[in-house]
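[1] Build me a model from this:
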Amino acid sequence: MVHERSSGPRLSPNSYEEDIRAVLAPRLAYFEAVARHEHVTRAAHELGVPQSTLSRAMVRLETDLGVALFARKGRTVSLTPAGRTFLASAERALAEVEKAADSVRADADPAGGRVSFGFLHTMGSETVPALIRAFRVDHPRVRFQLVQNYGEAMIERLRAGSLDLCLTSPVPDAPDLVARRLDEQRLRLVVPDDHRLATRRRIRLAEAADETFVTLEPGYGLRRITDDLCAEAGFAPRVAFEGEEAETLRGLVAAGLGVALLPPPAVARPGVVELTVTAPRAVREIGVAWLDGHPDTPPVAAFKRFLLSRRGHLLPD
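    Predicted structure coming up:
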């Protein structure tokens, strides 16, 4: 019997992996059905394809692999030893594809899908839990994959596609991102309770020019804001410690290591006094960002609308 020569790609010992995938992937479901039924006609009926199409596909698969997968007797077939080996791997591959399809469908489900949401460390104790609690009143089954990190790291995750949305500060300005300002938060100068300024309620930041500061590490949005505010006040801060978490800084202030510009704490901490900064205007803007042109699943779109509806009252009183 002379078979048609396939015009599709052929495998060889030097084939690249992508060539193997291109040849094999479309034929795995055909092969699995024929192997399961051990009959070409019944397999073709199940798949909804002409018998001749299925027969040619199996011949081409064997030709491309260079191995006989079936022993044929009319329209009845049985697997060769090589065919049984290939079937075991084909079934695993098809099961993984089905599992992946189920997973992405579940994540996009309007009622019970998944939202990958990033937020700053300082938003974790009150703001984000309150937001999720309020959102789930109307969307009780939506699942969240949460990432707590500093701003630049979350922007990288947005660009990599591992986050849908992030709550960050400063509000990013980049051509590949969409960002919306949601609120602003006053920053305070935090000093030890036995500090020379501890009896004050308000202060101009320039009055702290000679102080030692404890700050977040470079790359954190709050560090950039601190540096910018100090520059606006006419000085560069002398830094004694660079950390990763605001409450650690507050504790080090209480220990007398320095002073810090920080957002209000979730719970008042003993050992420190928090002063209102009158000049320059010490605030940080908080916004939500997402990748421009990135299509939203229904749960992501719903949570985005919810966040935008909180503009001006995002933060707890």
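[2] mind listing what's buried in the helix or strand hosting Arg157?
    Here Arg157, judged by DSSP states H and E, is contained in helix 151-160. By 16 or more other CB atoms under 10 Å, the buried positions in helix 151-160 come out as Gly151, Ala153, Met154, Ile155, Arg157, Leu158. Quick note: C-beta positions are derived from backbone N, CA and C, even for glycine.
[3] now stretch 31-43
    So stretch 31-43, judged by 16+ other CB under 10 Å, has buried residues Phe31, Glu32, Ala33, Val34, Ala35, His37, Val40, Arg42, Ala43.
[4] Need the per-residue pLDDT for the fourth one.
    So that's Val34. Predicted confidence (pLDDT) for Val34: 93.
[5] what's near enough to touch it?
    Val40, Ala43, Leu54, Met58, Phe70, Val77 (CB atoms under 8 Å, 6 or more residues apart in numbering).
[6] Surely the fourth one is in contact with Leu69?
    Okay, so that is Met58. Yes: assessed by CB atoms under 8 Å, Met58 is found in contact with Leu69 at 7.3 Å.
[7] Overlap in contacts, those two.
    What both Met58 and Leu69 touch, as defined by CB under 8 Å, 6+ apart, is the set Phe31.
[8] Which one of the buried residues of stretch 31-43 is nearest to Ala179?
    Distance ranking of the buried residues of stretch 31-43 against Ala179, using CB to CB, places Glu32 first at 47.3 Å.
[9] and that closest one, how far is that from Leu54?
    Separation of Glu32 from Leu54 (CB to CB, to the nearest Å): 12 Å.
[10] Any chance of JSON lines for the buried residues of helix 151-160, columns pLDDT and distance to Ala254?
    JSON lines is the format used below for the buried residues of helix 151-160 (pLDDT from 0 to 100; distance: CB to CB, whole Å):
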{"residue": "Gly151", "pLDDT": "91", "distance to Ala254": "26"}
{"residue": "Ala153", "pLDDT": "94", "distance to Ala254": "28"}
{"residue": "Met154", "pLDDT": "95", "distance to Ala254": "29"}
{"residue": "Ile155", "pLDDT": "95", "distance to Ala254": "32"}
{"residue": "Arg157", "pLDDT": "96", "distance to Ala254": "33"}
{"residue": "Leu158", "pLDDT": "97", "distance to Ala254": "35"}
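[11] so which of those residues comes closest to Gly234?
    Taking these together and measuring to Gly234 by CB to CB, the closest member is Gly151, at 26.1 Å.
[12] Could you pull up the contacting residues of the closest one?
    Leu120, Cys166, Thr168, Ser169, Pro170, Pro172, Tyr220, Gly221.
[13] Can you classify the closest residue to Pro298 other than its chain neighbours as helix, strand or coil?
    Of all residues not flanking Pro298 in the chain, Pro110 sits nearest, at 3.7 Å (CB to CB, 6 or more residues apart in numbering). Classification of Pro110 by DSSP: H, G, I helix; E, B strand; the rest coil places it in coil.
[14] How about Gly234?
    Once three-state DSSP is applied, Gly234 turns out coil.
[15] What is the burial count for it?
    10 (other CB atoms under 10 Å).
[16] I figured it hits Arg204, correct?
    No: Gly234 is beyond contact range of Arg204, at 10.1 Å (criterion: CB under 8 Å).
[17] Tell me where the model's unsure across the stretch 1-150 of the chain.
    Within the stretch 1-150 of the chain, the stretches with pLDDT under 70 are 1-23.
[18] quick one: the helices in it?
    Counting by DSSP state H, counting those that start in this stretch, the segments of the stretch 1-150 of the chain that form helices are 17-24, 28-37, 40-47, 51-65, 81-107, 127-135.
[19] closest one to Asp210 among these?
    helix 127-135 (33.8 Å).
[20] buried residues in that closest one?
    Applying 16+ other CB under 10 Å to helix 127-135 flags Thr127, Val128, Leu131, Ile132, Phe135 as buried.
[21] Now these in CSV, please, with extra columns for distance to Ala254.
    Shown next, in CSV, are these (distance: CB to CB, whole Å):
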residue, distance to Ala254
Thr127, 23
Val128, 25
Leu131, 29
Ile132, 31
Phe135, 35
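[22] Closest to Arg143 out of those residues?
    Using CB to CB, the buried residues of helix 127-135 come closest to Arg143 at Ile132, 10.7 Å.
[23] residues touching that closest one, list them.
    Taking CB under 8 Å, 6+ apart, one finds Phe144 in contact with Ile132.
[24] for Arg157, same thing?
    Gly118, Val147, Asn149, Leu163, Cys166.
[25] how about a cut-off of 10 Å?
    Residues counted as contacts of Arg157 (CB atoms under 10 Å, 6 or more residues apart in numbering) are Ser116, Gly118, Val147, Asn149, Leu163, Asp164, Cys166.
[26] was I right about the fourth one contacting Phe119?
    Yes: between Asn149 and Phe119 there is a contact at 8.2 Å, judged by CB atoms under 10 Å.
[27] So which of those two has more stuff around it?
    Shown here are Asn149 and Phe119; by other CB under 10 Å, Phe119 has more neighbours (23 against 19).
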